[in-house]
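K.L.:
no FASTA, just this:
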């Protein structure tokens, strides 16, 4: 059964779905904010650590491409100058 965990990173807080796969004897992790991304860990703590590492790596790649990242709580993070945005925001990818 997939359980939702909040993963706190230096770029914000993201949801991760973590479940135990009995056949592989691993905890599998999916991060819905980043499409088609998964990682794994041998323990639940290891899976959470790997989720943090995956999210931070993907954020750094996005920053290198000049993009911003919006975490699951709506906080905006980016490299360089990022304009302050007030009110509702629509982001198209």
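P.N.:
Arrived safely, thanks for sending. Keep in mind the model is a prediction, meaning the values are calculated, not measured.
K.L.:
mind checking the SS state of the residue located most distally from the centre of the chain?
P.N.:
Centroid-distance maximum for the chain: residue 23 at 25.6 Å, with C-alpha atoms, centre = their mean. Under DSSP: H, G, I helix; E, B strand; the rest coil, residue 23 falls in the coil class.
K.L.:
again, but for residue 49
P.N.:
With three-state DSSP as the basis, residue 49 sits in helix.
K.L.:
give me the neighbour count for it.
P.N.:
With neighbours defined by other C-beta atoms under 10 Å, the count for residue 49 comes to 15. Using the backbone N, CA and C atoms, a C-beta is placed for each residue, glycine as well.
K.L.:
just give the closest residue to it, not the sequence neighbours.
P.N.:
residue 41 (6.8 Å; C-beta to C-beta, 6 or more residues apart in numbering).
K.L.:
check contacts around the one you found.
P.N.:
Neighbouring residues of residue 41 by C-beta atoms under 8 Å, 6 or more residues apart in numbering: 26, 27, 29, 47, 48, 49, 50.
K.L.:
let's go with 6 Å and repeat that
P.N.:
27, 47, 50 (C-beta atoms under 6 Å, 6 or more residues apart in numbering).
K.L.:
am I right that residue 72 sits in a strand?
P.N.:
No. Read with three-state DSSP, residue 72 is coil and lies in no strand.
K.L.:
ok, residue 79 - how many residues close by?
P.N.:
Quick note: residue 79 (other C-beta under 10 Å) scores 15 neighbours.
K.L.:
ok, it - contacts?
P.N.:
With contact set as C-beta under 6 Å, 6+ apart, residue 79 has these partners: residue 63.
K.L.:
now do the SS call for it.
P.N.:
coil.
K.L.:
kindly provide the distance from it to residue 13.
P.N.:
Counting by C-beta to C-beta, to the nearest Å, the gap from residue 79 to residue 13 is 19 Å.
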